[in-house]
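Q: Output the structure for:
(chains A and B)
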Amino acid sequence: MDYAIETNHLSKSFGDVQAVNDVSLRVKRGEIYGFLGLNGAGKTTTIRALLGMVRPSAGEVKILGQAVGPHGRSPWDRVGYLVEDATAYPDLTVSENLDIARRLHGIKDRRVTDVAMERLAIGPYADRKAGTLSSGNLQRLALARAMFHKPDLLILDEPAKGLDPAGVVEIRELLADLAHKQDVTVFMSSHILTEVDRLATHIGIIHQGHLIEDLDKERLDHFRGRRLEVKARDLDRARAVLTEAGYTVTLNEQQATIILSEPGAIERPEEIATLLVSQDTPPTRLAVEHQNLEEHFMQLTGAMQ
Amino acid sequence: MNTFLSALWAEALKARRSRVPLLTAIGFSLAPLVGGLFMIILKDPEAAREIGLIGTKAQLTVGVAEWSTMFNLLSQATAIGGAIGFAIIAAWVFGREFSDRTAKDLLALPTSRETIVAAKLIVIVIWSFALTLLNYGLGLIVGKLVVIPGWSLELLQSATVDIFGAAVLTIALLPYVALIASAGRGYMPPFGWAIFTVFLSQIAIAAGWGDYFPWAIAGLFSGAAGPRSELLGFHSYVVIALTSIVGLIGVFGWWRSADQAQ
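A: Here you go, the predicted model:
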């Protein structure tokens, strides 16, 4: 398959510190890939390796089908990126900062930067020096610089950083629009799980340099669904009763909770209560809960720590 | 060529919008202005004392009020002032990308890193020559206004070679400043390097090895320590050319290959 991003056993160490360890990523074209991890998990180092900014200690990186490295052909005319903090030349205006990027991309049409400024709502600041911008508008400038040339692939490190709540929603809608209507692949790192959860069609979780989870659309839909949580004094007996009755039961031992995901149980929890009471193991708690990625993330990274 | 011109335009815009060109221009105007002041004083020390330009105990050892003295001052200012002044330019052009954390935005573009580095180096060369020209041109104007004796076309030709030759030799070593600004990720390491090389040059000249020490050669060329035909040989120019090439390989190689993890 032709992937927008492909890494094979990517590793990067700095001296004794193993920042990224044997990470194999596959990002299909048109996907919105959320790359999650705690601070220092290896997100930014992975992104820098994707962009050829750091040389892998082992493994290989392919972007839009082209190998990245000193001998690889450059795919950068089709890639837009934002790495770590949004920055710009402080003495130059917003418009001049974008003009520099336009020229370095070899684009002659000056209107592309005007369109990008309008899209990111920084048109009113076009003649203002970047050094005087608020952090939110600086972030918008950096996003405009990543997008003005209509790239096929956007690699964004914390794209919502510094934005106010309205800005977060605006950028989320913009990225969704780019992916769904213009088939742009978006690879975004974040530690704001709710944002990624709402937007991503594929999620990878990196922890201590290892890719510990790779959730495709099907598994993500599972996490985004509802579930029935059951607690009882005799959890083993309650579990046996429900299994005998034909329910598929999952036990969360850490929280001493039985989890039922099938629609029959979620839609009719009263039947579960009746069943358990009739078998002399009444539930102490019965609740329909929304599963979320945050919980899964915390479990995974907590377990690893 | 188009990508190079675009990169050159971008670097020129960054320079134009900053205050550093103005500050360096002020710095390089000092030598001709001070030179003119010296010429006024040397022409008539008693009058200068009377109007308070110098103290009664002042001992002026600059020389006599002649064009050769003025040109000597200008060429020394280019060699010694350039070692620091041109280094400030190179440190700013490269170091600011790290201080402002904008270097990462130059690394994954259709315009290659080598093209961007080449554009930066060309801006440094043009900027340094512009300052040399300012030093030279202002020196000529001030000299004419002060009316110094001893003008001749031969002297002008010789002084032009001294001043612009010293500039070329100083500029040739700026890739090291660029490399240290890049690897050191900011302004301070290259400033330290510039001061260190000036200090080492003095030791090399004092030890009699100045003709082999690249950072001393521009100073010797300028005539600061005597006629250059006695102080420098063909080997000196070979040394400086080879050192410059190694520096260029270093700065291009660093931008091409070094990990940009910050």
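Q: Could you report the neighbour count for residue 76?
A: Using chain A here. 25 (other CB atoms under 10 Å in any protein chain shown). For glycine as for every other residue, the C-beta is placed from the backbone atoms N, C-alpha and C.
Q: ah, I was thinking of chain B
A: 21.
Q: Could you list which residues are in contact with residue 24?
A: If you meant another chain, say so; for now it's chain A. A:7-10, A:59, A:211 (CB atoms under 8 Å, 6 or more residues apart in numbering or on different chains).
Q: Oops, wrong one, chain B.
A: B:85, B:88-89, B:127, B:131.
Q: What subset of the residues you listed is buried?
A: Listed as buried from the contacts of residue B:24 are B:85, B:88-89, B:127, B:131; burial here means 16 or more other CB atoms under 10 Å in any protein chain shown.
Q: Now render the residues you listed as TSV, adding secondary structure.
A: Putting the buried ones among the contacts of residue B:24 into TSV (DSSP: H, G, I helix; E, B strand; the rest coil) gives the following:
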residue	secondary structure
B:85	helix
B:88	helix
B:89	helix
B:127	helix
B:131	helix
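Q: List just the nearest of the contacts of residue A:24 to chain B.
A: Nearest to chain B among the contacts of residue A:24, counting by CB to the nearest CB, is residue A:10 at 14.1 Å.
Q: part of a helix, is that closest one?
A: No: going by three-state DSSP, the assignment for residue A:10 is strand, not a helix.
Q: Please name the nearest non-neighbouring residue to it.
A: Closest residue to residue A:10 apart from its sequence neighbours, by CB to CB, 6 or more residues apart in numbering or on different chains: residue A:59 at 3.9 Å.
Q: That neighbour and residue B:235, how far apart?
A: The gap separating residue A:59 from residue B:235 is 49 Å, by CB to CB, to the nearest Å.
Q: Mind checking what helix or strand follows the helix or strand containing residue B:122 in sequence?
A: Assigned by DSSP states H and E, residue B:122 falls within helix B:113-146. Scanning forward in sequence from helix B:113-146, with DSSP H and E defining helices and strands, the next element found is helix B:153-171.
Q: residues in contact with that next one?
A: B:67-68, B:71, B:74-75, B:78-79, B:82-83, B:86, B:124-125, B:128-129, B:132, B:135-136, B:217-219, B:221-223, B:240.
Q: Report the buried residues of it.
A: B:159, B:162-171.
Q: closest to residue B:227 among the residues you listed?
A: Residue B:227 lies nearest to residue B:162 out of the buried residues of helix B:153-171, by CB to CB, at 10.6 Å.
Q: residues near the closest residue to the closest one other than its chain neighbours, how many?
A: Using CB to CB, 6+ apart and skipping residues adjacent in sequence, the residue nearest residue B:162 is residue B:75, 4.0 Å away. As a burial measure, residue B:75 scores 31 neighbours (other CB under 10 Å).
Q: so how far is residue B:200 from residue B:75?
A: For residue B:75 relative to residue B:200 (CB to CB), the value is 21 Å.
Q: Same check on residue B:41?
A: In terms of CB to CB, residue B:41 sits 33 Å off from residue B:200.
Q: neighbour count winner among these two?
A: A direct count of neighbours by other CB under 10 Å for residue B:41 and residue B:200 places residue B:41 higher, at 18 against 13.
Q: For that one, what is the enclosing helix or strand?
A: helix B:20-43.
Q: again with residue B:47
A: With DSSP H and E as criterion, residue B:47 is part of helix B:45-50.
Q: Which is the succeeding secondary structure element to that helix?
A: helix B:67-76.
Q: Straight-line length of stretch B:174-191, end to end?
A: Stretch B:174-191 has an end-to-end distance of 12 Å (CA to CA, to the nearest Å).
Q: Buried residues of that stretch, list them for me.
A: Per 16+ other CB under 10 Å, stretch B:174-191 contains these buried residues: B:174-182, B:184-187, B:189-191.
Q: what do you get for stretch A:146-160?
A: Buried-residue list, stretch A:146-160, by 16+ other CB under 10 Å: A:146-149, A:151-160.
Q: Next, format the residues you listed as a markdown table and append secondary structure and distance to residue A:108.
A: Listed next are these as a markdown table, based on DSSP: H, G, I helix; E, B strand; the rest coil; distance: CB to CB, whole Å:
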| residue | secondary structure | distance to residue A:108 |
| --- | --- | --- |
| A:146 | helix | 20 |
| A:147 | helix | 18 |
| A:148 | coil | 13 |
| A:149 | coil | 12 |
| A:151 | coil | 17 |
| A:152 | coil | 20 |
| A:153 | strand | 23 |
| A:154 | strand | 23 |
| A:155 | strand | 25 |
| A:156 | strand | 26 |
| A:157 | strand | 29 |
| A:158 | coil | 32 |
| A:159 | coil | 28 |
| A:160 | coil | 32 |
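Q: Return the residues of chain B in contact with chain A.
A: B:2-3, B:6-7, B:9-10, B:13-14, B:17-18, B:100-102, B:104-112, B:116, B:256-257, B:259-261 (CB under 8 Å from any CB of the partner chain).
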